[in-house]
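[1] one predicted model, sequence on top.
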Amino acid sequence: MAENKKNGWTINISLPKTTSSALRGKQSVRATFKLPERTIDAISIVATHLGIKQKSLFDHLLEDIQTLDTIARKVREAKQEIKSRRQKTFVMSRNTLSSIEKISRDFGIPRDTLVDYSIQRLMPIIEREREKHKKRKAIAKELINHFKEGEKILKKTKKLLGDDDPVSIELQNAMIACVNSYRNIDAYIERGNIIEGF
């Protein structure tokens with residue numbers, strides 16, 4: 001405790017110790033896989049659409065040994081289609097790459113196949129987001145009509161009460177806030193357009 005006081009610490013808490021190997025497992029590494037174009041697009045689309053870094057998404061899908069084990073068992077039983085593939089390099093944690101390589105060795109399944117099937121787990125998310133995207137676009141159209149009505153009311157209010165009336169000012173502020181919100185919504189929808197053609 002004396003040493004802690006000397007360093008300016010006032011309490012002594014026992015926490016699980018981290019190891020250097022655990023910290024090294026979090027290091028970023030690059031690995032190249034040959035994957036179908038649709039698989040490459042899927043991870044890119046989900047990362048862009050949901051605002052998640054590809055590395056985080058890749059680690060989430062592929063780091064867990066038990067999940068990879070389950071996928072490998074299903075892949076081994078399934079008849080694999082031959083698809084055209086292209087090389088793509090991904091950034092991931094060292095732990096994720098170790099998990100991929102371990103399961104690939106244990107089951108005698110190519111790393112590329114394991115990664116392909118793991119990323120295919122994103123397809124239901126893409127489908128749900130595509131449906132939401134359609135609904136967002138419909139709501140955005142309704143908002144435009146709402147703004148047109150708001151502009152009419154603001155114009156009428158200014159004509160009846162004047163530009164400097166507190167009600168006119170509050171209504172104008174409300175319209176500015178609505179326009180700003182609409183711009184944010186429109187930007188989000190624009191970013192989501194990538195999901196439409198997938």
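    Structure's in. What do you need?
[2] and the helix or strand hosting Ile126, what does it pack against?
    Here Ile126 sits within helix 123-161, counting by DSSP states H and E. Packed against helix 123-161, as judged by 3 or more CB pairs under 8 Å, 6 or more residues apart in numbering; DSSP states H and E, are the following elements: helix 37-50, helix 166-192. C-beta coordinates here come from the backbone N, C-alpha and C atoms, glycine included.
[3] deepest of those, which one?
    Sort those by mean neighbour count, taking mean count of other CB atoms under 10 Å, and helix 37-50 sits at the top with a mean of 18.
[4] quick one: contacts of it?
    The set of residues that contact helix 37-50 without belonging to it, under CB atoms under 8 Å, 6 or more residues apart in numbering, is 52-54, 57-58, 84-86, 88, 90, 115-116, 119-120, 122-123, 125-126, 129, 191-192, 194-195, 198.
[5] again, only this time at 6 Å
    Judged by CB atoms under 6 Å, 6 or more residues apart in numbering, the contacts made with helix 37-50 from elsewhere in the structure are 54, 57, 88, 116, 119, 122, 129, 192, 194-195, 198.
[6] and for stretch 53-62?
    47, 90-93, 96, 100, 118.
[7] before we move on, what about stretch 114-132?
    Identification of contacts with stretch 114-132 by CB under 6 Å, 6+ apart yields 33, 35, 39, 42-43, 46, 49, 61-62, 71, 75, 100, 104, 195, 198.
[8] average pLDDT for that stretch?
    On average, the pLDDT along stretch 114-132 is 92.
[9] and for stretch 102-111?
    92.
[10] can you tell me the closest non-neighbouring residue to Arg76?
    Once its chain neighbours are removed from consideration, Arg76 has its nearest residue in Phe107; the separation is 5.9 Å (CB to CB, 6 or more residues apart in numbering).
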